[in-house]
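Chemist: whatever this is, show me its structure:
(2 chains)
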Amino acid sequence: MKKNTVIIRLMVFALILVVINMISSKLYFRLDFTEDQRYTLSKATDDILTNLDDVITVKAYFSEDLPTQLISNRQDFEDLLLEYENRSKGNIVYEFISPNESEELEAEAQQNGIQPVIINVSEKDQVQQLKAYMGAVLLKGDQKEIISVVQPGVDMEYSLTTSIKKLSVTDKPKVALLQGHGEPIIQEVSQLAQQLSVLYEVETINLTEKTEVPSYVRTLAIINPSDTISAIEFSRIDQFMSQGGAVFVAYSNMNGDLQSGRLSKGADIGLEAWLRGKKVNLGSQFVVDAQSGSVTVQQNNGMFTYRSQIKFPYFPLVNDFPEHPTTNGLEALMLPFVSGVSYTGNDSTVSYSPLLLTSEMSGLAPTPSGVDIQKKWTQNDFREGPQTLAVALEGALAGNQLSKLIVVANGQFVVNGNPPQQISEDNVNFASNAIDWLSDDTGLIELRTKGITNRPLESVEDSAREMLKYGNVLIPILLVLIYAFIRRQQYKSKKQQWMEGNF
Amino acid sequence: MNKIWIIARRELASFFDSLIAYVIIIMFLGFTGFFTWLTGNNVFLMGQASLQVFFQIGFWTLFFFIPALTMKMLAEETRSGTIELLSTKAISDWEIVVGKFVACLLLVIIALTCTIPYYATVSQLGSIDHGAVVGGYLGLVLLSAGYISIGLFASSITNNQIVAFLIALLIGVFFHLLFDIMGFSLRGAAGQVLNYLSMRTHFDSLSRGVIDSRDLIYFFSVISIGLTFAQAMLSRRNWQS
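Modeler: Predicted coordinates for the structure are as follows:
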């Protein structure tokens, strides 16, 4: 064959491949093998889009000349919007606008609440700062929802679907946060309030000022109270429950303080007795779990000071969840200084479900005592088995009407505090899921926990861990060496046979 | 097909009859095992039931080992003249190239199979996402297949093994690293094209657990272009000017 012919054939072949790749970038399919179908639109999104009764316009403000890594973000968002448009049967319409094109468009983007992101790009051997827009505004009539920055990955679907949900729910049910007893205000539970705002209007309620919990409230949340709740307030809560209202309680009757190192029984604020009336008993000891979160400890070694992470069994890390809508898709929750909770009722009209369980290696630590961070924990400290940290009850809990109650034996797990501190996504997800379940609206549970990637390893003893580490490195190598040895022996014996004339 | 399989089996047997297969597999297991379990961001330090640590180590280890595996495949045949002997048989150059490709790929798959204990251990210790594991292994296999075809092409253009190794590494560096870096620093269509050419982009996509037709077509394109060019270079002794 002639050299030129070969070269032409190779070039044609390469060209065909280029064309195939170009076509495939437009016509493609994806198979999502992830356990939670993380990269496929969830049923919650599908339901919300199918039930849309009005057109929602999405104005996506994306700069044209973005760096490559952000172009894929724009492409992903466009792909997602196209799928939303198809599934909503045209009720989602979208357009892409480049704010960098003119000052008017840039002003429009900023007016709509889209703030530019400053990105460093290197161009012509110089680092330049680029003003990039990557946000979207959703419009329905005179209502508006803003996604100021479109985050790549799973968050993209969550933020888009929740924004659509916010626009499509016209009359949001109410969730009330009880106030007046040292509970955190809305700003101090900002992560939870933000999540709840998709489906609900969150408001505060002070039962010393009101004669009853308003009937429009779907769920009353009592989060981390520290002062006495009066009997009259409890009777108002009972009255609310007797009319079918649901109550979420996150409270621990124990006090654990890492700063002072003191562990003690908390003051009696009356909540424990009220819960006892519902056959829910809070424990009087701290639950400790070998499977736990860590604390940062500053250590001095001669001239050097360094920080290290030490496992702290007073912060149980829960990743064993009984089957229940509130725990669907959760991976791990951390509950600092928590007591146990149990249900002792035997009324067949009330159904009871444990929601959070500690690991097999759990124990109980008595009070009052001090916290010793450096304590060497042994197996003897974890002999009590799994402890229940949250329960759900459903039935005639006050009066004859069907009512729901969830009790979490920890008040801090969902509090951001002031100044706010970021808390684990799953802690917030669990509280939101619980309120969704209490309010009979479980639509977003699946989407909320989609893409949670925390899959903690079980804790193993040091000796077992070392064995696993070295075993995984050495055993495969050893097996290969054994195979090499056997093959060598077989070869030798064959060679011997040949030399002896046995072919 | 039968001839390809015969060549692949013979090549694979010759790997295991010499020290090459054992050295490659043991070094691969040693490196990946050391970095996955003993040092750096190892599995226990990350504390997550995931094999992402291993896939990232494997991504780098295979990049260095595959040129070492492929460097002699065609270069040695050309140097020693055994390629002429082979061409006297009723075997085409394409069958020779594909047979050797299959042998190398099988050796890599055997090496990857030896890491199944990693998966067994992590899945015992936590709730691992099996889909992501399947995607990660598939990504490593396709990545290896891409580098093997590049290695065979490099081995086909020279009769010196060291030169073949260096050429394979040089081409590989572009796909493995440089296209990625250039793609990120350039904007516009050029940046997009370079980003698309980067193996990392497609490998990362697969190792999430999502099988995307675009990634598959990319890998099959690299493989087929490498093998076609290797076959063309091997048959250059028959070219007429």
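Chemist: OK, contacts around the residue nearest to residue B:123 when sequence neighbours are not counted?
Modeler: Leaving aside its sequence neighbours, residue B:123 sits nearest to residue B:49 (C-beta to C-beta, 6 or more residues apart in numbering or on different chains; 7.0 Å). To be clear about C-beta, it is placed using only N, CA and C from the backbone, and glycine gets the same treatment. Counting by C-beta atoms under 8 Å, 6 or more residues apart in numbering or on different chains, residue B:49 touches A:455-457, B:122-123, B:125-129.
Chemist: out of those residues, list just those in helices.
Modeler: B:122-123, B:125 (DSSP state H).
Chemist: for chain B, which spans come out with low pLDDT?
Modeler: B:1, B:187, B:240-241 (pLDDT under 70).
Chemist: which residues of it fall in helices?
Modeler: So, for chain B - with DSSP H - the helices run B:2-17, B:20-33, B:43-46, B:52-70, B:75-80, B:82-87, B:93-113, B:116-125, B:130-156, B:161-173, B:179-185, B:188-197, B:199-207, B:213-234.
Chemist: the inter-axis angle of the second one versus helix B:93-113?
Modeler: Angle of helix B:20-33 versus helix B:93-113, following axes from the mean of the first three to the mean of the last three C-alpha atoms, to 10 degrees, is 40 degrees.
Chemist: so helix B:20-33, near chain A or not?
Modeler: Yes - counting by C-beta under 8 Å from any C-beta of the partner chain, chain A has neighbours in helix B:20-33: B:22, B:25-26, B:29-30, B:33.
Chemist: quick revisit: out of the contacts of residue B:49, which comes closest to residue B:14?
Modeler: residue B:122 (34.7 Å; C-beta to C-beta).
Chemist: wait, the closest one sits on residue B:52?
Modeler: No - using C-beta atoms under 8 Å, residue B:122 makes no contact with residue B:52, being 10.3 Å away.
Chemist: which of those two has more neighbours?
Modeler: Between residue B:122 and residue B:52, counted using other C-beta atoms under 10 Å in any protein chain shown, residue B:122 has the larger neighbour count: 24 against 19.
Chemist: and the gap between the more buried one and chain A?
Modeler: Residue B:122 is 7 Å from chain A, where distance means C-beta to the nearest C-beta, to the nearest Å.
Chemist: show me the contacts for the residue of chain B found nearest chain A.
Modeler: Nearest to chain A, among the residues of chain B, is residue B:131, at 3.2 Å (C-beta to the nearest C-beta). Residues counted as contacts of residue B:131 (C-beta under 8 Å, 6+ apart) are A:32-35, B:209.
Chemist: distance of it relative to residue B:144?
Modeler: 21 Å (C-beta to C-beta, to the nearest Å).
Chemist: so what touches the helix or strand hosting residue A:23?
Modeler: Remark: residue A:23 resides in helix A:3-26, with elements defined by DSSP states H and E. With contact meaning C-beta under 8 Å, 6+ apart, helix A:3-26 is reached by B:196, B:213-214, B:217-218, B:221, B:224-225, B:228-229, B:232, B:235-236, B:239-241.
Chemist: going by proximity to chain B, name the top residue of chain A.
Modeler: Counting by C-beta to the nearest C-beta, chain A gets nearest chain B through residue A:33, at 3.2 Å.
Chemist: surely that residue touches residue B:212?
Modeler: No - the criterion here is C-beta under 8 Å, and residue A:33 misses it with residue B:212 at 11.1 Å.
Chemist: please state the offset of stretch A:137-153 from the chain centre?
Modeler: 22 Å (C-alpha atoms, centre = their mean, to the nearest Å).
Chemist: meant to ask about stretch A:237-255, not that
Modeler: 24 Å.
Chemist: in that stretch, what's buried?
Modeler: In terms of neighbour count (16 or more other C-beta atoms under 10 Å in any protein chain shown), stretch A:237-255 has its buried residues at A:237-238, A:240-241, A:245-255.
Chemist: what's in contact with the lowest-mean-pLDDT helix or strand in chain A?
Modeler: Counting by mean pLDDT, DSSP states H and E, chain A has its least confident helix or strand at helix A:445-448, which shows a mean of 72. By C-beta under 8 Å, 6+ apart, the residues outside helix A:445-448 that reach it are A:42-45, A:157-158, A:161-162, A:195, A:325-326, A:328-329, A:429, A:432-433, A:436-437.
Chemist: give the next helix or strand downstream of the lengthiest strand in chain A.
Modeler: Criterion DSSP state E: the longest strand present in chain A is strand A:304-318. Sequence order places strand A:333-334 as the next helix or strand after strand A:304-318, per DSSP H and E.
Chemist: sheet partners, orientation included, of that following strand?
Modeler: strand A:304-318 (antiparallel) (DSSP bridges).
Chemist: what's the average pLDDT for the strand it pairs with?
Modeler: Strand A:304-318 shows a mean pLDDT of 83.
Chemist: which residues are in contact with the residue of chain A closest to chain B?
Modeler: Applying C-beta under 8 Å, 6+ apart, the residues contacting residue A:33 are B:130-132, B:134-135, B:209-211.
Chemist: now do 10 Å
Modeler: Applying C-beta atoms under 10 Å, 6 or more residues apart in numbering or on different chains to residue A:33 gives the contacts A:39, B:129-135, B:138, B:206, B:208-211.
Chemist: PyMOL command to pick out the buried ones of those?
Modeler: Only the buried entries of the contacts of residue A:33 go into this PyMOL selection, using 16+ other C-beta under 10 Å:
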select buried, (chain A and resi 39) or (chain B and resi 129+131+132+133+134+135+138+206+208+209+210+211)
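Chemist: output the contacts of residue A:33 as TSV; include the columns distance to residue B:171.
Modeler: Output for the contacts of residue A:33, formatted as TSV (distance: C-beta to C-beta, whole Å):
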residue	distance to residue B:171
A:39	31
B:129	33
B:130	34
B:131	32
B:132	29
B:133	29
B:134	29
B:135	26
B:138	23
B:206	21
B:208	26
B:209	29
B:210	27
B:211	26
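Chemist: confirm that residue A:249 sits in a helix.
Modeler: No - Residue A:249: not assigned to a helix; according to DSSP: H, G, I helix; E, B strand; the rest coil it is strand.
Chemist: which residues does it bridge with?
Modeler: Taking DSSP bridges as the rule, residue A:249 bridges to residue A:222, residue A:407.
Chemist: which residues of chain A score low on pLDDT?
Modeler: In chain A (pLDDT under 70), the answer is A:1, A:68-69, A:122-126, A:153-154, A:301-302, A:441-443, A:449, A:451-454, A:503.
Chemist: biggest helix in it, by residue count?
Modeler: helix A:462-499.
Chemist: report the buried residues of it.
Modeler: A:465, A:468-469, A:471-473, A:476-477, A:480, A:484.
Chemist: before we move on, what about stretch A:269-289?
Modeler: Per 16+ other C-beta under 10 Å, stretch A:269-289 contains these buried residues: A:269-272, A:274-275, A:278-283, A:285-289.
Chemist: again, but for stretch A:3-11
Modeler: By neighbour count with 16+ other C-beta under 10 Å, stretch A:3-11 contains the buried residues A:6, A:10.
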